[in-house]
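Engineer: would you be able to build a 3D model of this:
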Amino acid sequence: MRLRAVALSRSVSMTLARDPDAHLSGTTDAAKLSLPLSWWRVLAPEALDMAAQCRLSAALNAVQPLPSPDWSAACRGDSAAAIHIALNVLAEAIAFPGRLDPAMSAICLCAVRGDGSCIDLLVHVLGRRARRRADLKVLCLAHAWCSVPRRGSDRVGVAR
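Structural biologist: The predicted model follows:
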């Protein structure tokens, strides 16, 4: 009996390690929305108004810092720092929610402010999640991020 309990415990922890949302499967949508660091995977860009951006920024500053010298810059909205951190977290063999959610939340904060590279990375990660889970809601969310107005050099037109 003890062996079965250990095996079950390992199975649950392996599922949580591979699937960061596994622990949220019984959580209602309202409960997920109260967790700002989960917004990157559930909220459309138009839902992230200035008040929501301030709340997300406060949540990023309150969370345990990720092990990167770029973390404080990413929390302040530095898109290059946020991308550096997110790519390192995404390159890990197992996605841990304690690292993935803060890293992608920093990306989300830069994306909602119009950074093209962060929008592209967010769309890519959401698209991968949608395909892996066969989740139409996440696919629609990725599509919604594609229409966010971009600022910066990628909006410069070609001179004729």
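Engineer: which non-adjacent residue is nearest the residue nearest the centre of the chain?
Structural biologist: Nearest residue to the geometric centre of the chain (Cα atoms, centre = their mean): M104, 2.9 Å. Once flanking residues are discounted, M104 sits nearest to W40: 4.5 Å by Cβ to Cβ, 6 or more residues apart in numbering. Every C-beta, even on glycine, is put in place using the N, C-alpha and C of the backbone.
Engineer: can you pull the phi/psi pair for the one you found?
Structural biologist: The phi/psi pair for W40 (degrees, to the nearest 10) reads phi -60, psi -30.
Engineer: that one - how many residues pack around it?
Structural biologist: If you count neighbours by other Cβ atoms under 10 Å, W40 ends up with 26.
Engineer: per-residue confidence at it?
Structural biologist: We have a pLDDT of 96 for W40.
Engineer: wait, it sits on V123?
Structural biologist: No. W40 is beyond contact range of V123, at 11.3 Å (criterion: Cβ atoms under 8 Å).
Engineer: verify the stated contact: the residue nearest to the centre of the chain with A86.
Structural biologist: Yes. M104 is within contact range of A86, at 6.2 Å (criterion: Cβ under 8 Å).
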